[in-house]
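# Structure for the following, please:
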Amino acid sequence: MASLAIGGGLAGCMQPLLEEAGDGGQASTDDEPATDSTGTDTEPQPEADSDESDEGDTIEAVDLSPAWDVDGLNRVFVDDGQFVGRNSGDVTIVSWDGDVVWESQSGDPDGYSEWPNDGRGFARTDDYVFVHYLSWGIEEEYPACVYVFDADTGELEWRHDTGADRVYGMDAVGDRLYYAARPFDRDETESPIRAYDLDDREIVWESRFSTNDPWSLTVHDGHVYATTGRMRVLDAASGDLVAEHGNWFAFHRENETLYFEDGDTIGAYDLVADERTMEVSVDHGYSRDLTVVANRAYVSDTNGYLSAIDLETGTVRWEERLDGSLSGRPIVDSGIVWAYDATSVLWGLDADDGSVLVRRSTEADGDDRVSALDGRVFVPDPYYTAYDVGEDER
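Below is the predicted model of the structure:
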């Protein structure tokens, strides 16, 4: 690892927009029914009052009442009590009530822009909102950019060109933006973690690590925590390496704890104590994302298993095998676990026992996501609708 200060930013990697820009363990593959930790068969049973389609693929054991819709809104996640999503090439922030807080106008000269799911390419402070875009233009390489918007109005302030292929993980604290990037050259063995000064609009330090797939990043109490194959702890002021741990990929932050999965172990890292505090062995090779609520981890894998694991005892509370591969972390809200499978089917499972409450086919992309907040769930294409989830039938 090398740490270097960069005065004036990387050459050609930071271009303020001109005024005219504003114009414009292997999982089983058999068919045996899943069981919970007590050995009880947890295969979902048909509901007597389920609303089934001609194909028999729809289950709605809870009432989904339309609350509001925003046409075209997808890749939606929840941040700071609001729904945040992409609408065409721009970011749209929507309140719980369905009011559009603002919709950006990126002025992207290359037209279509993309940004990651689950908030990895999103960060904000009181003054700014930061969004990672990958511009699909006419040139051979399409560098990843960070667009900086006014936090109150959505007006584009400037664009920071990273010179990298992707940005995986961003966080902003005070007058600095921190991010991990992936290089264009997939044979490149090092990826940068950077601190970018918002006042001077320049990179103030960069540290490189031997991986070409950085994932999660967060900042806490003067330290940057980033996963680059291992979990690295860096001094936020200088970029110097302070510590490193384990074989980590993505983590999920819940208050002052980081939860992670590294193949056959689910663990926790206490940000206050700066140490790992828990390890639970698991049977499946789960995906790199998980969600932790009330000391229970909800995890999925590419073989279609969705599981709830008690982190105090290490036991599987329930496990269900859905129809298709699951990617991305499950979303837990108001007692329901929401997930998409690779066939674009929306699932809602009871968080306590894993019983299927909702099964609905959609036309969303396979890497799209459902999002939920305080009893309201947003379902993308073709509905683009937030539904209130009734509890009277549960």
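# Please count neighbours and contacts with C-alpha atoms only from this point.
Noted.
# Quick test: name the residue nearest the centre of the chain.
residue 118 (2.1 Å; CA atoms, centre = their mean).
# Touching, it and residue 74? I think so.
No: at 11.4 Å, residue 118 and residue 74 do not qualify as touching, with contact defined as CA atoms under 8 Å.
# buried stuff in the helix or strand containing residue 386?
In this structure, residue 386 sits in strand 385-389 according to DSSP states H and E. Using 16 or more other CA atoms under 10 Å as the test for burial, strand 385-389 gives 385-389.
# Show me which of these is closest to residue 358.
Set against residue 358, the nearest of the buried residues of strand 385-389 by CA to CA is residue 389 (10.3 Å).
# residue contacts, the nearest residue to that closest one once chain neighbours are set aside?
Spatial nearest neighbour of residue 389, chain neighbours left out: residue 64 (5.0 Å); criterion: CA to CA, 6 or more residues apart in numbering. Listed by CA atoms under 8 Å, 6 or more residues apart in numbering, the contact set of residue 64 reads 387-390.
# still on that earlier bit, shared neighbours of residue 118 and residue 74, which are they?
residue 369.
# chain center to the strand holding residue 386: distance?
21 Å (CA atoms, centre = their mean, to the nearest Å).
# looking only at pLDDT, what's the mean for that strand?
Here strand 385-389 scores 95 as its mean pLDDT.
# what are the pairing partners of that strand, and which direction each?
strand 64-69 (antiparallel), strand 376-379 (antiparallel) (DSSP bridges).
# Any idea how many residues pack against residue 295?
Residue 295: 11 surrounding residues under other CA atoms under 10 Å.
# residues near the nearest residue to it once chain neighbours are set aside, how many?
With sequence-adjacent residues excluded and distances taken as CA to CA, 6+ apart, residue 295 is closest to residue 311, at 5.7 Å. If you count neighbours by other CA under 10 Å, residue 311 ends up with 21.
# Can you pull the phi and psi angles for residue 311?
Main-chain torsions, residue 311, degrees, to the nearest 10: phi -80, psi -10.
# confidence score at it?
So, for residue 311, pLDDT stands at 88.
# if I pick it, what's in contact with it?
Applying CA under 8 Å, 6+ apart to residue 311 gives the contacts 280, 295-297.
# With residue 198 instead?
Per CA under 8 Å, 6+ apart, neighbours of residue 198: 175-177.
# again, 10 Å this time
Applying CA atoms under 10 Å, 6 or more residues apart in numbering, we find residue 198 in contact with 128, 148, 172, 174-177.
# Kindly provide the distance from it to residue 251.
In this view, residue 198 and residue 251 are 26 Å apart by CA to CA, to the nearest Å.
# Quick check: pLDDT value at residue 138.
pLDDT at residue 138 comes out at 43.
# what do you get for residue 191?
87.
# any idea how far residue 209 is from it?
From residue 191 to residue 209 the distance is 6 Å (CA to CA).
# and if you look at residue 236?
For residue 236 relative to residue 209 (CA to CA), the value is 16 Å.
# The two: who's more crowded?
Taking residue 236 and residue 209 together and counting by other CA under 10 Å, residue 236 has the greater number of neighbours (21 against 18).
# Next, that one: phi, psi?
Phi and psi for residue 236, reported as degrees, to the nearest 10, are phi -70, psi -20.
# Tabulate the contacts of residue 64 (CSV), appending distance to residue 134.
Compiled in CSV, the contacts of residue 64 are given as follows (distance: CA to CA, whole Å):
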residue, distance to residue 134
387, 31
388, 33
389, 35
390, 38
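# For the residues you listed, name the two members farthest from one another.
387 and 390 (9.2 Å).
# Now for the two: what residues contact both?
Counting by CA under 10 Å, 6+ apart, the residues touching both residue 387 and residue 390 are 63-65, 375-376.
# What would I type in ChimeraX if I wanted to highlight the buried members of those residues and nothing else?
The ChimeraX selection below is limited to those of these classed as buried (16+ other CA under 10 Å):
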select :63,64,375,376
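# any common contacting residues for residue 191 and residue 209?
Common contact partners of residue 191 and residue 209 (CA under 10 Å, 6+ apart): residue 228.
# Run through the chain and note the low-pLDDT ranges.
1-57, 106-117, 135-142, 186, 212, 263, 283-288, 327-328, 366-367, 391-394 (pLDDT under 70).
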